[in-house]
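In: Got a predicted model here, sequence first, then my questions.
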Amino acid sequence: MTVELVLFIVVAAVAIFSAALMLVSRNAVHSALFLVVNLLCVGFFYLMLAAPFLAMVQITVYAGAIVVLFLFVIMLLGSERLGGRPAKYGWVASGAVVLTSAFLIVAFIAILQGNIEGLKPIEPAPQGRFVHAIPGAPAVDVYLNDERIVEKAAYGQTTALMALPTGERNVLVYPSCTNEDPAQCPNPITSGSAPIAAVPVRFEAGTTTTYIIGGTVQAPQLISVPTTRAPIEADNTMRLTVVNALPDTTVNFVQLNAENPAANETLAEGLAFGGVSGVVTLPRGAYEFDWNQGERRLVAVRGWRGEAGNHHVFVLMAEEVPVAAGEPTTRPVNAHLPPVEAEKAFGGPQRLGEELLSRYLLPFELVALLLLATMVGAIILTREEVIRRERRRLVVSPAIKRINRAVPIDVKAEPVASAALPEPDRQPEPSGD
């Protein structure tokens, strides 16, 4: 049993018991504190899943801001202690704790005997793409044993990434059929045609590779270039790999510093034909490079600006140059292959946004509708309960009813005798005489 499994079991037990105590606690403050413990356990699970961003959001937003708001409202309203009569089914909480403990024990035994730590995730199928880099050669078809996977790839063309079978296969390269009617094109496998190149290749699961068909028509060669799609740890950076597909040459690949030529950096030195450099990580920005043979410059790359978060591949190969008379000649040229996008780190902001807005958008919408229906139902049920309580409060008790019956309805109120007040002195009215 690994340390990770022990940590998961311990933290899971703490999370379950804190959730149970949150529900059964009669003190609102204690209940909120148990909720904080539960949310901290969830944040720890995110850390175990290599998702630090989600862990920090869980702790900061939920265990911090929201629970503090709960405590503020509880203290403001003075409702730390729940009122009313004790619960009718007080034994439910104790029973739930006992059943949960039994479930944890059974799950712990099952995990120990299930050898979960020995299980490994299934590796994704290998992926690959092919590049035609033989100048003067016709378009080609690529076969894996007897299955065609690339059709009519012209010089300089790069195929899209495709899923490849796991295991060892023979990569066969044939000239494409030029007949306009595909039905008239014979199958090179069954017809016994000789391939331009035949190379045994082993495809490993979980790998991404660029296969460059380089060299010359007389001596082709298949160059394998590992093209990783692993997440890039540093933001605003990119990967770069350079390949020499120029026959009979040994070259250097140099990063230039326009302000200080003495600070030029050689990224690949003594790269022979078919050689592949290591992966270089560069920050995003504008760059200038040189392919050279000592003091002799072969190809200059100026003002190149790569996209961050991708794996870029530069290939030094030959291209045909037509001449006025005679056979066409060749010259070296730098080819920048379409970049391969690296996968986003699990738990990072970009990966989280893509997952939420693509895979989980519909489930989130459905859950939102369910929560809305639940809120409406809770409001309706609460309103009915309030009305029922008001009606119960307005019901007149039997004692009050007996008192009302004892009082006659036709009793007339007696006039209240007013106190004798002295009459004011009256002045004699003047006579008209």
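Out: Ah, there it is.
In: CA-only coordinates of stretch 315-335 in PDB, if you can.
Out: Taking Å, rounded to 0.1, in the frame of the first residue of the first chain, the C-alpha atoms of stretch 315-335 are listed here in PDB:
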ATOM      1  CA  VAL A 315      14.100  21.100 -41.200                       C
ATOM      2  CA  LEU A 316      17.100  21.900 -43.300                       C
ATOM      3  CA  MET A 317      16.500  20.300 -46.700                       C
ATOM      4  CA  ALA A 318      17.200  20.800 -50.400                       C
ATOM      5  CA  GLU A 319      14.800  22.300 -52.900                       C
ATOM      6  CA  GLU A 320      15.100  22.300 -56.700                       C
ATOM      7  CA  VAL A 321      16.100  25.500 -58.500                       C
ATOM      8  CA  PRO A 322      15.300  25.600 -62.200                       C
ATOM      9  CA  VAL A 323      18.100  26.800 -64.500                       C
ATOM     10  CA  ALA A 324      17.900  28.200 -68.100                       C
ATOM     11  CA  ALA A 325      19.700  25.200 -69.500                       C
ATOM     12  CA  GLY A 326      20.700  21.800 -68.200                       C
ATOM     13  CA  GLU A 327      19.600  19.900 -65.200                       C
ATOM     14  CA  PRO A 328      18.000  21.700 -62.300                       C
ATOM     15  CA  THR A 329      20.200  22.300 -59.300                       C
ATOM     16  CA  THR A 330      19.300  22.300 -55.600                       C
ATOM     17  CA  ARG A 331      19.900  24.700 -52.800                       C
ATOM     18  CA  PRO A 332      19.400  24.400 -49.000                       C
ATOM     19  CA  VAL A 333      16.200  25.800 -47.500                       C
ATOM     20  CA  ASN A 334      14.800  26.000 -44.000                       C
ATOM     21  CA  ALA A 335      11.300  24.400 -43.700                       C
END
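In: can you start the count at 348 instead of 1 from here on
Out: Happy to do that; since the first residue is 348 now, the last one works out to stretch 662-682.
In: Any chance you could list what contacts it?
Out: Around stretch 662-682, the neighbours that count as contacts under CB atoms under 8 Å, 6 or more residues apart in numbering are 478, 480, 482-483, 502-503, 559, 561, 589-594, 596, 598, 636, 638, 645-646, 648, 661, 684. For every residue, glycine as well, the C-beta is placed using N, CA and C.
In: quick check, H658 in a helix?
Out: No: the assignment for H658, made by DSSP: H, G, I helix; E, B strand; the rest coil, is strand rather than a helix.
In: Okay, it and V487: tell me how far apart.
Out: Separation of H658 from V487 (CB to CB, to the nearest Å): 25 Å.
In: just L423 next, same as before
Out: 77 Å.
In: Name the spans of the stretch 448-597 of the chain whose pLDDT lies under the cut-off.
Out: Across the stretch 448-597 of the chain, the ranges flagged by pLDDT under 70 are 458, 461-468.
In: same thing but 50
Out: Within the stretch 448-597 of the chain, no stretch has pLDDT under 50.
In: domain assignment for the protein?
Out: Listed domain ranges for the chain are 350-430+437-465, 470-525+535-573, 577-692, 706-736 (source: automatic domain parsing).
In: The second one: end-to-end distance?
Out: Its first and final residues considered, domain 470-525+535-573 spans 17 Å by CA to CA, to the nearest Å.
In: gap between that domain and the chain center?
Out: 33 Å (CA atoms, centre = their mean, to the nearest Å).
In: that older thread, possible to save the domains of the chain as JSON lines with mean neighbour count and distance to A753?
Out: Below are the domains of the chain laid out as JSON lines (neighbours: other CB atoms under 10 Å; distance: least, CB to CB, whole Å):
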{"stretch": "domain 350-430+437-465", "mean neighbour count": "14", "distance to A753": "37"}
{"stretch": "domain 470-525+535-573", "mean neighbour count": "17", "distance to A753": "90"}
{"stretch": "domain 577-692", "mean neighbour count": "15", "distance to A753": "84"}
{"stretch": "domain 706-736", "mean neighbour count": "10", "distance to A753": "30"}
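In: Now distance to R752 too, for the ones you listed, in TSV please.
Out: Shown next, in TSV, are the domains of the chain (distance: least, CB to CB, whole Å):
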stretch	distance to R752
domain 350-430+437-465	36
domain 470-525+535-573	87
domain 577-692	81
domain 706-736	27
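In: between these, which one is nearest to R749?
Out: domain 706-736 (24.9 Å; CB to CB).
In: wait, doesn't G617 sit right on N591?
Out: No: taking contacts as CB atoms under 8 Å, G617 lies outside contact range of N591: 9.8 Å.
In: what residues do those two have in common as contacts?
Out: In contact with both G617 and N591: T597, using CB under 8 Å, 6+ apart.
In: The nearest residue to P485 once chain neighbours are set aside bridge partners, please.
Out: In this structure, P485 finds its nearest non-sequential neighbour in P522, 5.0 Å apart by CB to CB, 6 or more residues apart in numbering. Counting by DSSP bridges, P522 is bridged to V487.
In: show me where the stretch 398-547 of the chain has helices.
Out: 399-404, 414-424, 438-461, 535-538 (DSSP state H, counting those that start in this stretch).
In: Now distance to A689 too, for the ones you listed, in a markdown table please.
Out: Formatted as a markdown table, the helices of the stretch 398-547 of the chain follow (distance: least, CB to CB, whole Å):
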| stretch | distance to A689 |
| --- | --- |
| helix 399-404 | 17 |
| helix 414-424 | 37 |
| helix 438-461 | 34 |
| helix 535-538 | 36 |
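In: of those, which approaches L386 most closely?
Out: Judging the helices of the stretch 398-547 of the chain by CB to CB, what sits closest to L386 is helix 414-424, at 7.2 Å.
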